[in-house]
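Asker: Following is a predicted model, sequence given first.
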Amino acid sequence: MKRFWRDARHVIAANPVTLAAFVLFVLLVGLAIFGPALAPFDPIASDVPNALRPPSAKHWFGTDQLGRDVFSRVIVATRIDLTIAVSAVALSFAAGSAIGAAIGYLGGLVDRVVGQLVDVLMAFPLFVMAMALVAALGNTVANIIYATALINLPFYIRIARAEVNQRREAGYVLAARLSGNGPWRIVLGVLLPNVMPTLVVQMSLNMGWAILNAAGLSFIGLGVRPPTPEWGIMVAEGASYITGGRWWPALFPGAALVLAVFCFNLLGDGLRDLVDPRRRT
Amino acid sequence: MSGGRWLGYAARRLAMAVPILLGVVLFTFVLMRLLPGDPAVFFASSPNPSQAELLALRAKLGLDRSLPEQLAIYVRDLARGELGQSLTTGQPVARDLLARLPASIELTVVAFLLAMAVALPLGVAAATRPNSWLDHLARVVITAGVSVPTFVTGIVLIYLFYYLLGWAPDPTGRIDVFIGQPPRVTGLLLIDSLLNRNPERFLAALKQLALPAATMALFAIAPIARMTRASMLGVLSSDFVRTARALGLPRRQVLLTYAFRNALIPVVTTLGMVLSYMLGANVLVEKVFAWPGIGSYALDAIVVSDYAPVQGFVLAVSALFVFLNLAVDLIYGLIDPRIGFER
């Protein structure tokens, strides 16, 4: 543990961008937890006489077509956007690493069949697949999470499988087998903890992608519904006013989206440097 | 590689596409079965079909039979090109898709060419001069491309080039309605207007295409440039490049003939992946620019729960994607002589 903190200090010192990403991450999580309490205005209370006002001292990010405060809406939306991304990534992480580790350890026919299935799954245009799934399963937030989790699944299966496969015959695995541990115990208790770092890096890199995917789905009108504040919907609603030069209802939530994705991508890169120094670029 | 070996490779690769296509068909079939409600209603000619029509449709769609039988019927219909009827347009889905496909293809292909024209030189330049300003520029472009959603890029471009600078035309549709469409030959406006010898229409179509194509290209540049840079860096540090340099070959020849051609191999794989992502991003870009392609067609249908077009769209895009990847792999076999020796 002490060594980990020394490495962490070294990585942060060598790469201040990672520190910035970490600060941003703390800020995002803080907004997700305390957002509704921090927002200066009610995010869904409309005030039509004051619609589409540019940013001012009172409304920092201006107001949208119904006179709602864009700043409050952007802040409150953090929770739902992060919740969707975190749940989707957690689901695909749990299922993907279990399946991947199991087939990587067992090998043989199961491995080949599941591997082929994963290849087929990856052969779909993933965003289109998520779109079709949400359209078919029903237009709800839960289904957005399932769809995002499903299209991320192949990546986790692949990584877990490759990492476990490499370590199958490692000394400590052989020792565990020799002392009478069953396959379940070896995969869950011995192998998974060892491949965890790689999977965690993948999770962090994946978060940004999951946020983009969920926001993209709600941008085209799937999943989250108005008047719920959510970044994708806000961009979609604001887009109609951009040709008239009213940029604030669309660009502020857009910027929040970019910042969140950026933060997770940088954090993922930083974590990767920490876990696997050889892959530093 | 010799013609015979390439043909063998092509045959094997074609055989590999078959299970994927079957997977695509199965997926859309399951999708149809997952739909809430009665599929017969979705395929009916009017929103309020009569009981007799529903029964007839169920029999026609084979909904009264077992699942394997239904799958067989579904595949048979697909083989005949029947994708059902759209409730919104009242037309067969297959005809709608064909009418709108050229718009999507024109957008995707132009964006793809644009992305390659920027990303390949950028990646090579960044790799040959590590830590120069070009390398940093490449890094910024790559990170931005991964982090900025396409629909946000589109809106920013509209704000800059339509509202602030006034360079771009009104961002709706493929061509100014007052100029009008050229007579349809291929459905690709750029080509049709040239065939029609009408430079005014060509320019109008090009102007309209510029922003959506740039939006999509910005998104595609990142992965291509990243792969080109990484692959070029790897090749440049290899022994044969060092040897070529030591022999005193001109820099140009070392870079282009020796390094670039070898670096291109993983890049071609990335190109296939990028094209697939672009098929997905198409939906978002078409929505931002009210582009009348197959993506916006599917979206309009989703909003009113008109499922036959959605299903047709998924099928069309997936099939397109499978064939594109097939084409990429076949090209791969042509540029890399080592392929075909494996397995």
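Answerer: The structure has been received and is ready for your questions.

Asker: Assign A:Ala149 to helix, strand or coil.
Answerer: Using DSSP: H, G, I helix; E, B strand; the rest coil, the secondary structure recorded for A:Ala149 is helix.

Asker: what's the neighbour count on it?
Answerer: The burial metric for A:Ala149, expressed as a neighbour count using other Cβ atoms under 10 Å in any protein chain shown, is 22. Every C-beta, even on glycine, is put in place using the N, C-alpha and C of the backbone.

Asker: And the residue nearest to it when sequence neighbours are not counted, which helix or strand is it part of?
Answerer: The spatially closest residue to A:Ala149, leaving aside those adjacent along the chain, is A:Leu91, at 3.8 Å (Cβ to Cβ, 6 or more residues apart in numbering or on different chains). Remark: A:Leu91 resides in helix A:70-106, with elements defined by DSSP states H and E.

Asker: for that helix, which positions count as buried?
Answerer: By neighbour count on 16 or more other Cβ atoms under 10 Å in any protein chain shown, the buried set for helix A:70-106 is A:70-82, A:84-89, A:91-93, A:95-105.

Asker: Low-confidence ranges, chain A, go.
Answerer: Under the criterion pLDDT under 70, the flagged ranges of chain A are A:1, A:11-15, A:120, A:123, A:275-281.

Asker: Nearest to chain B: which residue in it?
Answerer: Scanning chain A for the residue nearest chain B gives A:Phe127, at 3.1 Å (criterion: Cβ to the nearest Cβ).

Asker: hang on, that residue packs against A:Asn213?
Answerer: Yes: taking contact to mean Cβ atoms under 8 Å, the distance of 6.7 Å between A:Phe127 and A:Asn213 places them in contact.

Asker: Relative to A:Phe25, how far out is the residue of chain A closest to chain B?
Answerer: Here A:Phe127 is placed at a distance of 25 Å from A:Phe25 (Cβ to Cβ, to the nearest Å).

Asker: The two - which one has more neighbours?
Answerer: More neighbours surround A:Phe127 than the other of A:Phe127 and A:Phe25, with 24 against 17 (other Cβ under 10 Å).

Asker: Give the burial count for A:His10, as a bare number.
Answerer: Using other Cβ under 10 Å as the criterion, A:His10 is surrounded by 13 other residues.

Asker: Okay, and it sits in which element?
Answerer: Element membership for A:His10 (DSSP H and E) is helix A:2-14.

Asker: likewise A:Trp184?
Answerer: In this structure, A:Trp184 is located in helix A:183-185 according to DSSP H and E.

Asker: Now do the buried residues in stretch B:133-141.
Answerer: Residues B:Leu134, B:Asp135, B:Ala138, B:Arg139, B:Val141 are the ones in stretch B:133-141 that count as buried (16+ other Cβ under 10 Å).

Asker: ok, and the closest non-adjacent residue to the first one?
Answerer: Translated: B:Leu134. Of all residues not flanking B:Leu134 in the chain, B:Ala125 sits nearest, at 4.8 Å (Cβ to Cβ, 6+ apart).

Asker: need the residues of the stretch 1-150 of chain A near chain B, please.
Answerer: Residues of the stretch 1-150 of chain A found near chain B (Cβ under 8 Å from any Cβ of the partner chain) are A:116, A:119-121, A:123-129, A:131-133, A:135-138.

Asker: How many residues are close by the residue of the stretch 101-250 of chain B found nearest chain A?
Answerer: Sorted by distance to chain A under Cβ to the nearest Cβ, the residues of the stretch 101-250 of chain B start with B:Val152, at 3.8 Å. By the measure other Cβ under 10 Å, the count of residues near B:Val152 is 27.

Asker: pretty sure it is touching A:Ala260, no?
Answerer: No: with contacts defined as Cβ under 8 Å, B:Val152 does not count as touching A:Ala260, sitting 11.9 Å away.

Asker: lowest confidence element among the helices and strands of chain B?
Answerer: With mean pLDDT, DSSP states H and E as the measure, the helix or strand of chain B carrying the lowest mean pLDDT is helix B:39-43 (a mean of 63).

Asker: before we move on, the earlier item: now list the buried members of the residues of the stretch 1-150 of chain A next to chain B.
Answerer: Neighbour counting with 16+ other Cβ under 10 Å marks A:120-121, A:123-129, A:131-133, A:135-137 as buried within the residues of the stretch 1-150 of chain A next to chain B.
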